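Q: need coordinates for the following:
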Amino acid sequence: MKKILTLLVDKIVHKKDMMKQVILVRTDLGMGTGKIAAQAAHASVEAVLASDMKDVRKWMGEGMKKVVLKVKSESELMKHATLARDAGLIVSLIVDAGWTEIKAGTKTSVAIGPAWEKDIDEVTGKLGLL
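A: Purely as a prediction, here's the structure:
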């Protein structure tokens with residue numbers, strides 16, 4: 001256990017080859033905080049289920065880093081989803097069922113990864129935190 005913690009601290013302090021997941025959430029929909037949390041959770045789980053388990057285990061061993069970023073429109077959400085897919089990253093697009101705050105069929109969020117941090121940053125590195 002001590003060896004695992006030492007390796008984890010070394011990775012975090014030196015940021016060597018770390019993995020993360022990024023979740024993009026639309027800010028133009030006026031979703032409440034609970035709705036945002038639910039949409040981000042849907043995206044995260046779906047992306048993990050679509051990922052290679054070897055990558056998931058590595059990401060979990062590093063603390064499951066997740067970063068939630070904002071996009072201002074459906075077109076911006078889809079632009080980054082396409083860029084991520086084109087880069088060979090796992091992408092999970094969430095389309096709302098319309099049971100609560102927003103209309104059915106609305107694209108609300110996208111999860112990218114877990115994948116290498118540097119690869120995700122090439123796609124989402126200029127977006128701001130939610």
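Q: mean confidence score for stretch 110-117?
A: Across stretch 110-117, pLDDT averages out at 98.
Q: so which residues make contact with stretch 35-42?
A: With CB atoms under 8 Å, 6 or more residues apart in numbering as the test, stretch 35-42 has contacts from 23, 25, 31, 68, 94, 96, 100-102, 108-109, 111, 130. Bear in mind the C-beta positions are built from the backbone N, C-alpha and C, glycine included.
Q: mind running it again at 6 Å?
A: Residues external to stretch 35-42 that are found in contact with it (CB atoms under 6 Å, 6 or more residues apart in numbering): I23, V25, V68, I94, E101, T108, S109.
Q: what's the closest of the residues you listed to K118?
A: Nearest to K118 among those is I23, at 17.9 Å by CB to CB.
Q: which outside residues touch the lengthiest strand in the chain?
A: Longest strand in the chain by number of residues, with DSSP state E as the criterion: strand 107-116. By CB under 6 Å, 6+ apart, the list of residues contacting strand 107-116 from outside reads 19, 21-26, 39-40, 43-44, 47, 55, 59, 74, 77, 81, 84, 89, 91-96, 120.
Q: from these, which ones fall inside helices?
A: Assigned to helices by DSSP state H, the following of the contacts of strand 107-116 qualify: Q39, A40, A43, S44, A47, D55, W59, E74, L77, A81, A84, I120.
Q: how many residues are close by the fifth one?
A: Residues within reach of A47, counting by other CB atoms under 10 Å, total 25.
Q: mind listing what's buried in stretch 42-60?
A: Residues H42, A43, S44, E46, A47, V48, S51, D55, V56, W59 are the ones in stretch 42-60 that count as buried (16 or more other CB atoms under 10 Å).
Q: which two of those have the greatest separation?
A: Longest span within these, CB to CB: H42 and D55, 19.8 Å.
Q: show me where pLDDT drops low in this structure?
A: 1-16 (pLDDT under 70).
Q: I'm done for today, thanks for sticking with me.
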